[in-house]
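Chemist: everything below, folded, please.
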Amino acid sequence: MGTEMMPVRPEERGLAGDSGSGECAAPLGLYVHVPFCAVTCDFCAFYQKRPEKGDFRRFVDGIRRELDLVSPDRPPSTVFWGGGTPGLLPPEFIRELGEIIGGLRGGVPEEWTVELTPESVRDGRLEALREIGVNRVSLGVQTFDTRLLEIIGRRSSREAVVKAYSKLREFGFDNVNLDLMFAFPGQTLEEWEGDLREAAELGSEHLSTYCLTFEEDTALWVKLSRGEVALDEDKEIAFFGKAEEVLEGAGLFKYETSNYCRSGRECLHNLHTWRMSEWIGLGPAAASQYRGRRCANPAGLEEWLAGLDDGRRGSEDRVELTRELLAADSLIFGLRLRHGVDLAALEERFPGTVSPALRGYFCRLEGEGLAGGADEDRLWLTRRGRLVADRIGSDILEYFD
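Modeler: Residues are numbered from 1 along each chain as shown. Predicted coordinates:
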């Protein structure tokens, strides 16, 4: 998902909240980007680095300083540690980072997620995570197939995944997400179905299924540019449909284009983000949407720390949050949710958003079998519509130019 701070002007308060009234009742997310990885996967475009001596200490101290600069106006309702590989942090730094966040949260957040790789699941780390209040783990599986793992540069195996999952249960984690990817070069539909069935049989509360993307400056992008691998859109669509068929048949409800869960186990942190609430991003490359602005921290440990030395952060990609921008994004991301968008609530939050021209576009979508509810208070995408959600999102943006 799975995100500055300059002094806030009075007129900016509440822009990202549910009511726009300036009250602090809206959910606040806190994201911490832990940039350390032992190995760079071929598909990964997120900022990460191999940790060197002293890096953990400097990183945790930096998070403490950054929080002092932000001075959040309310405790976070959700916390998410992503990366990178947060599981590379030694137990003592996990505890210290947890204490830093604990000092401002005003009680245990409703949801606290940490991303782990199978190889990073160790007793000492799990003990530390439990102690600080983490109640949700996202395990980066990608695939159970060793051959496919090798293609994307992952040093893992089916056995490592199953062992890590069992260890999480042993330590009492009862809300576990498994991250899966599809459309690997050379992957068959049967192999993808095998991954889905194995994941469902493990019994996790949540599954995320992402199409493998070829991001610039990654090893996979280089292979694509050389013609060593190729894109196959028809196969991607078939894989997408197979996920719905298998996972919903196994009792996992599809609540967002790429995410499935058992009853009541949606990822709250991501839901708040998709609904355009506020979130604070800490750490190098972390993005924020807070106090009327979007911005990102520098994508480098040294650059991020240098900014903190100067008493500044969030210096990149700074965007003022207008009502038009938030309304458009609320529509685009809301339509990725299975229940769609409450148009009446959107209009109340952002008056004038649902214009006659936009209503006309919604009616055209419905006529093409891509959406439903165009003449009602809730607009949602059909299965066919979800396949072209990105294109629909681009179309919607034109109505806000």
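Chemist: from here on, contacts and neighbour counts on C-alpha atoms
Modeler: Will do.
Chemist: dump the residue contacts of Trp81.
Modeler: 31-34, 113-115 (C-alpha atoms under 8 Å, 6 or more residues apart in numbering).
Chemist: which SS state does it fall under?
Modeler: strand (DSSP: H, G, I helix; E, B strand; the rest coil).
Chemist: state the distance from it to Arg147.
Modeler: According to C-alpha to C-alpha, to the nearest Å, Trp81 and Arg147 sit 29 Å apart.
Chemist: how many residues are close by Asp395?
Modeler: 14 (other C-alpha atoms under 10 Å).
Chemist: can you give me the helices for the stretch 301-401 of the chain?
Modeler: For the stretch 301-401 of the chain, helices defined by DSSP state H, counting those that start in this stretch occupy the ranges 301-309, 323-334, 343-349, 356-367, 383-387, 389-398.
Chemist: so Glu66 sits in a helix?
Modeler: Yes: applying three-state DSSP, one finds Glu66 inside a helix.
Chemist: what's near enough to touch it?
Modeler: By C-alpha under 8 Å, 6+ apart, the contact list for Glu66 reads 282, 308, 313.
Chemist: what do you get for Lys242?
Modeler: Residues near Lys242 by C-alpha under 8 Å, 6+ apart: 189, 193.
Chemist: equivalent analysis for Gly307, please.
Modeler: Contacts for Gly307 (C-alpha under 8 Å, 6+ apart) come out as Arg313.
Chemist: now the contacts of Glu66 as JSON lines including neighbour count and distance to Ala299?
Modeler: Listed next are those as JSON lines, based on neighbours: other C-alpha atoms under 10 Å; distance: C-alpha to C-alpha, whole Å:
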{"residue": "Leu282", "neighbour count": "28", "distance to Ala299": "12"}
{"residue": "Leu308", "neighbour count": "17", "distance to Ala299": "14"}
{"residue": "Arg313", "neighbour count": "26", "distance to Ala299": "12"}
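Chemist: coming back round to it: just the contacts of Trp81: which are in strands?
Modeler: Secondary structure from DSSP state E places 31-34, 113-115 of the contacts of Trp81 in strands.
Chemist: now the buried members of the contacts of Trp81.
Modeler: Neighbour-count burial (16 or more other C-alpha atoms under 10 Å) is assigned, among those, to 31-34, 113-115.
Chemist: of all these, which comes closest to Glu348?
Modeler: For those, the minimum distance to Glu348 (C-alpha to C-alpha) is 28.6 Å, reached by Tyr31.
Chemist: could you point out which element follows the helix or strand hosting Leu178?
Modeler: For Leu178, the host element (DSSP states H and E) is strand 176-182. Sequence order places helix 189-202 as the next helix or strand after strand 176-182, per DSSP H and E.
Chemist: return the distance of that next one from the chain's centre.
Modeler: When distances are taken as C-alpha atoms, centre = their mean, to the nearest Å, helix 189-202 is centred 22 Å away from the chain's centroid.
Chemist: much appreciated, bye for now.
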